[in-house]
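Engineer: Sequence and computational prediction follow.
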Amino acid sequence: NERPRPLVAGNWKMNGLRASSEVLSEIMAGYGAGLRNRADLLVCPPATLVAALAGAAKGAVGVGGQDCHAKASGAHTGDISAEMLADAGASHVIVGHSERRADHGETDAVVRAKAEAARRAGLVAIVCVGETQAQREAGETLTVVASQLRGSIPAGAMAADLVVAYEPVWAIGTGLTPTAADVAEVHALIRTELGTLVGEAEAGRVRVLYGGSVKPSNAAELMAVANVDGALVGGASLVAADFLGIARVY
Ligand code: PEP
């Protein structure tokens, strides 16, 4: 089985003003032909910057949103639809990030509706799953992740419209990471579950990212794990040299 082409995606979270387009310029400057042949890069800035960065990136680096509403338009003050992100030049949208699940009470059903909206709008949905520290300590990691996948992945999803990101909640922004063996165990489970959900052949093509305190210093080990097809990077994606340092493990 051929491995999917790696994707290194940056989640800027609620960080970035117009001056932050400098970070994208630096990323583009460092994204030379060699690296371009080996991995795709994606930057997910706050929604206010999607249009500007997509314009500047000219498709060389992908630009994505961090969330979308399930509906295309309507009376939902403050929300942004997948269609709006696509119109602004986005190619991807993160859905079900643990910060959205925790801060906004997003359930698996809500996340699935958002992933369906992404597909409707022609965007790739990056569906995030991952256990809390308490769930890991209780030995529930695999059952939690399996149930999140079953609840969050749309029926009929294809590798062309779906990326899965395994992000243990306790590893996000903490500097803590699971062992390579732990990552391997969860990513193998994700591949198996995807086989049931979207079919074996399609499941083999879906990119499954690891996220949670990925840095240049630990990226090589984490990205070498079986069934890890790239990274979803938070903090380190705000610094072009660090983001590129992670991508250069490919
Ligand atoms: C994230 O929020 O998706 C993430 C992985 O954050 P960090 O890299 O900062 O842990």
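Structural biologist: Perfect, I can see it now.
Engineer: and I246, helix, strand or coil?
Structural biologist: helix (DSSP: H, G, I helix; E, B strand; the rest coil).
Engineer: which residues touch the closest residue to it other than its chain neighbours?
Structural biologist: Nearest non-adjacent residue to I246, counting by C-beta to C-beta, 6 or more residues apart in numbering: A219, 4.3 Å away. Where C-beta positions appear, they are placed from N, C-alpha and C, glycine not excepted. Listed by C-beta atoms under 8 Å, 6 or more residues apart in numbering, the contact set of A219 reads A231, G245, I246, V249.
Engineer: can we see that at 10 Å?
Structural biologist: Neighbouring residues of A219 by C-beta atoms under 10 Å, 6 or more residues apart in numbering: V8, Y210, A231, V233, A236, D242, G245, I246, A247, R248, V249, Y250.
Engineer: The fifth one and the ligand: what is the separation?
Structural biologist: If I follow you right, that is A236. 6 Å (C-beta to the nearest ligand atom, to the nearest Å).
Engineer: which non-adjacent residue is nearest that residue?
Structural biologist: D242 (4.1 Å).
Engineer: Am I right that that neighbour is in a helix?
Structural biologist: Yes - under three-state DSSP, D242 sits within a helix.
Engineer: Surely it touches N218?
Structural biologist: No - assessed by C-beta atoms under 10 Å, D242 is found out of contact with N218, at 11.6 Å.
Engineer: Quickly list what's touching both of these two.
Structural biologist: With C-beta under 10 Å, 6+ apart, D242 and N218 have common neighbours A236.
Engineer: hmm, back to that, what about the residue nearest to I246, helix or strand, and which?
Structural biologist: helix 216-223 (DSSP states H and E).
Engineer: just checking, R5 touches R207?
Structural biologist: Yes - R5 lies in contact with R207 (C-beta under 10 Å); the separation is 7.6 Å.
Engineer: okay, these two: which has more neighbours?
Structural biologist: Neighbour count, other C-beta atoms under 10 Å: between R5 and R207, R207 has more, with 21 against 14.
Engineer: what separates whichever residue of the chain sits closest to the ligand from V63, distance-wise?
Structural biologist: The ligand sits closest to G234 of the chain, with a gap of 2.1 Å, by C-beta to the nearest ligand atom. Between G234 and V63 the computed distance is 17 Å (C-beta to C-beta, to the nearest Å).
Engineer: out of those two, which sits in the busier spot?
Structural biologist: For G234 versus V63, neighbours defined as other C-beta under 10 Å are more numerous around V63 (25 against 21).
Engineer: Secondary structure class of the residue positioned nearest the centre of the chain, three-state.
Structural biologist: The residue lying closest to the centre of the chain (C-alpha atoms, centre = their mean) is I126, at 4.4 Å. Put simply, I126 is strand when judged by three-state DSSP.
Engineer: Just list whatever residues bridge to it.
Structural biologist: Applying DSSP bridges to I126 gives these bridge partners: I94, V163.
Engineer: Let me see the contact set for it.
Structural biologist: By C-beta under 10 Å, 6+ apart, the neighbours of I126 are 7, 9, 11, 42, 44, 64-66, 92-97, 115, 118, 162-165, 207, 209, 211, 232.
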